[in-house]
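Peer 1: coordinates for the following, if possible.
(one chain, ligands or ions: 2)
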Amino acid sequence: MTSGAQKGVIFSGMRPTGKLHLGNYLGALQNWVALQQEYRCIYCAVDIHALTTFEGVADVAEIKPNINDMVLDWLAAGIDPEQSQVFVQSHVPEVMTLHTLLSMVTPLGWLLRVPTFKEKVRQMDETEESVNYGLVGYPVLQTADIILYKADTVPVGRDQVPHLELAREIVRRFNNHYGETFPEPQAILAEDPLVLGLDGQNKMSKSLDNHLELAASPEETAKRVATAFTDPQRLRRDDPGRPEVCNVYSLHKIFSPPGEMATVYDECTSATRGCVDCKRHLAANINSHLEPFRERRREYEARPSFVKEVLEDGAKKARVIAQQTIEEVYEKMGLA
Ligand code: TRP
Ligand code: SF4
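Peer 2: Ligands and ions are numbered 1, 2, ... in the order given. From the prediction side, this is the model:
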C-alpha cells in the first residue's frame, strides 16, 4: 500500500448487470484486479446509473440479486476488499448531493452532445425531449462518482472516453468558479481486447445472449461453446478452415497454451480437425482457466452474509471520505 499513495487513487464503476461474462472479465475486471498492486482502488456497483434506463418494477427487482452476483464475481476474480474499497453507489448518498451541485456548473449543451447519450436515445426509441432528465445527467453523476473520492485515475473502456473528457471539463469549470478543489481525472485504457460473442459477429454481451458466463458450470460452458459460429465458409469436415476469421480460434488464442494454439491452426488449415472437436478443446481450456475462479466463487457464495458485509464495510469507509468532500464543496459554494 505504500506505493498506492504515490500512484494515486483509482475509481471505476460497473452497472449491476448480474453475473459477468468473459468479455467483462477480459475487458475490465482483470485490469481492476491488477491495478490493486499499484493504486489505492475504489470499485463501485453503480445502481443509480442503472436506474437511468429502467422501465419499472421488473427491472428494479433485479438490482439486488444483480449486485450480489456481480460483486461475487469481482471478489472471486481477486478484488480484495481488505485492500480496495468495494461498495454500492446508492449506499453513499453524498454522491447525489455532489451530482446536484455539479449540475450547476454543467452546460446542458455539453450533455446533449455526448455520443453515448445520442446513442442511448436512439436505442431506447425516445427523443431528446422525452428521455428522463436522469439520463441526460448520466455523465454528471459519473463525474460525481469519481471526484467525490478525489480519484485521479479511471480505468475504462474506449466507449467511456467521452464521459471522462466531460468529467475533466466539469472539474475545470468547478475549479475555475469555486477555486482549486478536484483533480482532473485521467482515463486509462486497458488493452481492451475486442472479445466477440458466440455469434462471431458482435461484441460479447449479455443482452445479445452470445456470452459465456464466468460462473457457469463446465457443462454449461461446453454446451454454449458448442453453439459458437466458426468459419462460415467451412461447410464440410474436409474443407480447410480459416482460423483468422473464426472466433473459436480467437478464444483459443486467449485461453489455450501457445503450443496447443499452433496445433489448432495447423489442424484447422489442413482439415485434420473438425470444428466440433475444436470447440470441445476450447471449452476444456476455458474451464480449466476458470476453475480457480469458480472454486473461490463457490466458497464466497456459501458464506451468505459475506458480500453484504464487504459492501457495508466499503460504504462505511467511502462515506467518511465522501462527507469530507461534501463539506469542502459546501464551503466553497457558500452553503456551509
Ligand atoms: N458509465 C460506466 C459504464 O457504463 C459506469 C460508471 C459509472 C463508471 N460511474 C463510473 C465508470 C465512474 C468509471 C468511473 O461502464
Ligand atoms: Fe474454427 Fe477450430 Fe473450426 Fe478451425 S477447426 S474453423 S479454428 S472451430
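
Peer 1: now stretch 227-237: mean pLDDT?
Peer 2: Over the span of stretch 227-237, the pLDDT mean works out to 94.

Peer 1: my bad, stretch 314-332
Peer 2: Stretch 314-332 comes out at a mean pLDDT of 98.

Peer 1: are it and ligand 1 in contact anywhere?
Peer 2: No: Stretch 314-332 stays out of contact with ligand 1 when judged by CB under 6 Å from any ligand atom, the minimum separation being 13.1 Å. The C-beta positions use only the backbone N, C-alpha and C, and glycine is treated the same way.

Peer 1: just give me how far that stretch sits from the chain centre.
Peer 2: 25 Å (CA atoms, centre = their mean, to the nearest Å).

Peer 1: so what's the residue count around the closest residue to ligand 1 within the chain?
Peer 2: Proximity of the chain to ligand 1 (CB to the nearest ligand atom) peaks at residue 13, 3.3 Å away. Residue 13 has 20 neighbours, counted by other CB atoms under 10 Å.

Peer 1: do you know how far residue 88 is from ligand 2?
Peer 2: Going from residue 88 to ligand 2 by CB to the nearest ligand atom, to the nearest Å gives 41 Å.

Peer 1: got it, and residue 331?
Peer 2: 62 Å.

Peer 1: so that residue: helix, strand or coil?
Peer 2: For residue 331, the assignment made with DSSP: H, G, I helix; E, B strand; the rest coil gives helix.

Peer 1: same question for the one 3 residues further on.
Peer 2: At residue 334, secondary structure determined by three-state DSSP is coil.

Peer 1: re earlier: confirm that the residue of the chain closest to ligand 1 lies within a helix, as I assumed.
Peer 2: No: using three-state DSSP, the assignment for residue 13 is strand, not a helix.

Peer 1: am I right that it is in contact with residue 44?
Peer 2: Yes: contact status for residue 13 versus residue 44: in contact at 4.3 Å, counting by CB atoms under 8 Å.

Peer 1: got any residues that touch both of these two?
Peer 2: Here residue 13 and residue 44 have 89, 145 as joint contacts, going by CB atoms under 8 Å, 6 or more residues apart in numbering.

Peer 1: give me the below-cutoff pLDDT ranges for the stretch 101-250 of the chain.
Peer 2: 192 (pLDDT under 70).

Peer 1: for it, just list every one of the strands.
Peer 2: 153-156, 186-189 (DSSP state E, counting those that start in this stretch).

Peer 1: for these, give me JSON lines that also has mean neighbour count and distance to residue 293.
Peer 2: Output for the strands of the stretch 101-250 of the chain, formatted as JSON lines (neighbours: other CB atoms under 10 Å; distance: least, CB to CB, whole Å):
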{"stretch": "strand 153-156", "mean neighbour count": "21", "distance to residue 293": "20"}
{"stretch": "strand 186-189", "mean neighbour count": "15", "distance to residue 293": "24"}
